[in-house]
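*Asks:* Provided below are the primary sequence and the corresponding predicted coordinates.
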Amino acid sequence: MARLANWLRLAAMMVVSAMLAVTTFSAAAGVDLPKLEKGKGDKCVEDTQYMRKNHMDLLKHQRDDTMRRGIRTTKHSLKQCVECHASSNTGSVASSKEDFCAACHSYASVKLDCWDCHATKPGVKPIKQGSTGQTSNARSTLSSSPLLASGMNGGVK
Amino acid sequence: MNDTVENKVEERRNFLKTGAVVAAATVAPGVLMYGVAHSRAPEEAASGNVRWGMLIDSSKCGDGCNDCVTACNTENGLSGETGPQDTQYIRKLDIKDLRNGRVHSLPMLCQHCENPPCVDVCPTGASMKRADGIVLVDRHICIGCRYCMMACPYKARSFVHEPLTDQNPEVPRGKGCVESCTFCVQRVDRDENPACVDACNSNGHMAMLFGDLNDPQSPVSLAMQTQPSTEVRADLRLNTGVRYQGI
């Protein structure tokens, strides 16, 4: 019984330190760490720490599942990342250096080609049919240039 | 190797035989309209029990009508330009019978072959056929070599030469890759028809049917069982998933 209580105390301490670590990570602007806007909802699709480390593996797995096998689950879908992590400012995950994916990648000098093809802004659901001209106009005000996005992702060389 | 070719030929013979039998009952056009009645859960992979296919009645395909092409462009975010370097998933072709001058027009798109030459020649495995027969380019793997474009007898593929902006989030596309009609795979995977088929039907032309060729009860199979249909370049024995009537 006593041993269990000890375990619980240890677990509680670990949780607290983990929380501290998270706060310092996002609030330590002094150390020049990227400032990340919190995503929609209260948690990510997996544990936050796991996501920081492994999101690229989840995405590449999902990519092959969807592309080659037609599996359309949403949990690890790139479209969903964009839905939740689009900036409240630019509406995009990678059109300015402050946007979620770009901020961290620029800090870590990671360059993605994903935005050459994938939209960096969430889809506009009501737009379906309509004249081609109208739709592309509506989209151009809503999506950013993927060129800009990859440029920003690359950050300062 | 020889054995499988023999089998294919045999299969095709059987297919043509059934295609030639004209049954007395015709299916009302209203029944033909919505071909897709298949349900697959999001976590379930595409299955080899299904083979998606299309039947196009070019006699119902109006001269100068471009509705399928317009819908395709909107759905897939294509510019609608038709120059030699522009992407076209569907091309409207005018065909003339030189013996009697009869002219008619038909949509040409990826024929979603059972034995696709584009897949044969691809050096990276990017050109692929999904289990349910949809032929795709996995653009994550495509290196843009364009062998597949040369191998395709239907000229159905395009190469993206310039950077693109403002893509539809549902349809990622970008510079440096080959692309072609996907049967609107993003729609098919949620039980909808390809955009061209919906546009053709909802505008009242009823020239296009989409559905599962392996399901004898699907409207597209029923139509093929009751009316003659042709493969373009049947001599190549590609067993195309797109069939035509009236050509």
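*Replies:* Structure's in. What do you need?

*Asks:* where exactly do the strands run in chain B?
*Replies:* Ranges of strands in chain B, per DSSP state E, are B:52-57, B:91-96, B:103-108, B:127-129, B:135-137, B:158-159, B:178-179, B:208-212, B:242-245.

*Asks:* wait, which of the ones you listed is closest to A:Asp116?
*Replies:* Comparison of the strands of chain B against A:Asp116 by C-beta to C-beta identifies strand B:178-179 as nearest, at 13.0 Å. (Each C-beta comes from the backbone N, C-alpha and C, glycine too.)

*Asks:* just to revisit the earlier point, could I get the strands of chain B in JSON lines, plus columns for mean pLDDT, mean neighbour count and distance to chain A?
*Replies:* Listed next are the strands of chain B as JSON lines, based on pLDDT from 0 to 100; neighbours: other C-beta atoms under 10 Å in any protein chain shown; distance: least, C-beta to the nearest C-beta, whole Å:
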{"stretch": "strand B:52-57", "mean pLDDT": "97", "mean neighbour count": "25", "distance to chain A": "11"}
{"stretch": "strand B:91-96", "mean pLDDT": "91", "mean neighbour count": "13", "distance to chain A": "15"}
{"stretch": "strand B:103-108", "mean pLDDT": "91", "mean neighbour count": "18", "distance to chain A": "17"}
{"stretch": "strand B:127-129", "mean pLDDT": "98", "mean neighbour count": "20", "distance to chain A": "6"}
{"stretch": "strand B:135-137", "mean pLDDT": "98", "mean neighbour count": "23", "distance to chain A": "7"}
{"stretch": "strand B:158-159", "mean pLDDT": "98", "mean neighbour count": "19", "distance to chain A": "14"}
{"stretch": "strand B:178-179", "mean pLDDT": "98", "mean neighbour count": "23", "distance to chain A": "10"}
{"stretch": "strand B:208-212", "mean pLDDT": "97", "mean neighbour count": "26", "distance to chain A": "14"}
{"stretch": "strand B:242-245", "mean pLDDT": "96", "mean neighbour count": "23", "distance to chain A": "19"}
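
*Asks:* Throw the ones you listed into TSV and include distance to B:Arg233, thanks.
*Replies:* Converted to TSV, those look like this (distance: least, C-beta to C-beta, whole Å):
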stretch	distance to B:Arg233
strand B:52-57	15
strand B:91-96	13
strand B:103-108	11
strand B:127-129	18
strand B:135-137	15
strand B:158-159	20
strand B:178-179	20
strand B:208-212	20
strand B:242-245	11
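
*Asks:* A:Cys114: what's it in contact with?
*Replies:* Applying C-beta atoms under 8 Å, 6 or more residues apart in numbering or on different chains to A:Cys114 gives the contacts A:Leu78.

*Asks:* From A:Pro34, how far out is it?
*Replies:* According to C-beta to C-beta, to the nearest Å, A:Cys114 and A:Pro34 sit 18 Å apart.

*Asks:* likewise B:Ala195?
*Replies:* Distance of B:Ala195 to A:Pro34, computed by C-beta to C-beta: 40 Å.

*Asks:* for B:Cys72, same thing?
*Replies:* Distance of B:Cys72 to A:Pro34, given as C-beta to C-beta: 41 Å.

*Asks:* which of B:Ala195 and A:Pro34 has more neighbours?
*Replies:* When neighbours are counted by other C-beta atoms under 10 Å in any protein chain shown, B:Ala195 and A:Pro34 differ, and B:Ala195 comes out ahead with 24 against 17.

*Asks:* And the closest residue to the more buried one other than its chain neighbours, what's its pLDDT?
*Replies:* Excluding its sequence neighbours, the residue lying closest to B:Ala195 (C-beta to C-beta, 6 or more residues apart in numbering or on different chains) is B:Glu75, at 3.7 Å. On the pLDDT scale, B:Glu75 is placed at 97.

*Asks:* Number of residues surrounding B:Glu75?
*Replies:* Burial of B:Glu75 is recorded as 25 neighbouring residues (other C-beta under 10 Å).

*Asks:* where are the low-confidence patches of chain A?
*Replies:* Filtered on pLDDT under 70, chain A yields the residue ranges A:1-31, A:125-157.

*Asks:* can you give me the helices for it?
*Replies:* A:2-27, A:48-69, A:78-85, A:100-108, A:132-142, A:146-154 (DSSP state H).

*Asks:* ok, now which ones touch the spatially closest residue to A:Lys40 that is not a sequence neighbour?
*Replies:* The spatially closest residue to A:Lys40, leaving aside those adjacent along the chain, is A:Cys84, at 4.4 Å (C-beta to C-beta, 6+ apart). Listed by C-beta under 8 Å, 6+ apart, the contact set of A:Cys84 reads A:39-41, A:44.

*Asks:* Next one: B:Asn203 relative to B:Cys196, how far apart?
*Replies:* Counting by C-beta to C-beta, the gap from B:Asn203 to B:Cys196 is 11 Å.

*Asks:* which neighbours do these two share?
*Replies:* Shared contacts of B:Asn203 and B:Cys196, counting by C-beta under 8 Å, 6+ apart, come down to B:Asp67.

*Asks:* Show me which of the two is the more surrounded one.
*Replies:* Per other C-beta under 10 Å, whichever of B:Asn203 and B:Cys196 has more neighbours is B:Cys196, with 28 against 15.

*Asks:* Find the nearest non-adjacent residue to that one, please.
*Replies:* Closest to B:Cys196 by C-beta to C-beta, 6+ apart is B:Cys68, at 3.7 Å.

*Asks:* quick one: average confidence on stretch B:231-240?
*Replies:* Stretch B:231-240 comes out with an average pLDDT of 96.

*Asks:* tell me how far the ends of it are from each other?
*Replies:* Length of stretch B:231-240, first residue to last, C-alpha to C-alpha, to the nearest Å: 6 Å.

*Asks:* same question, stretch A:41-52
*Replies:* 17 Å.

*Asks:* buried set for that stretch?
*Replies:* A:44-45 (16 or more other C-beta atoms under 10 Å in any protein chain shown).
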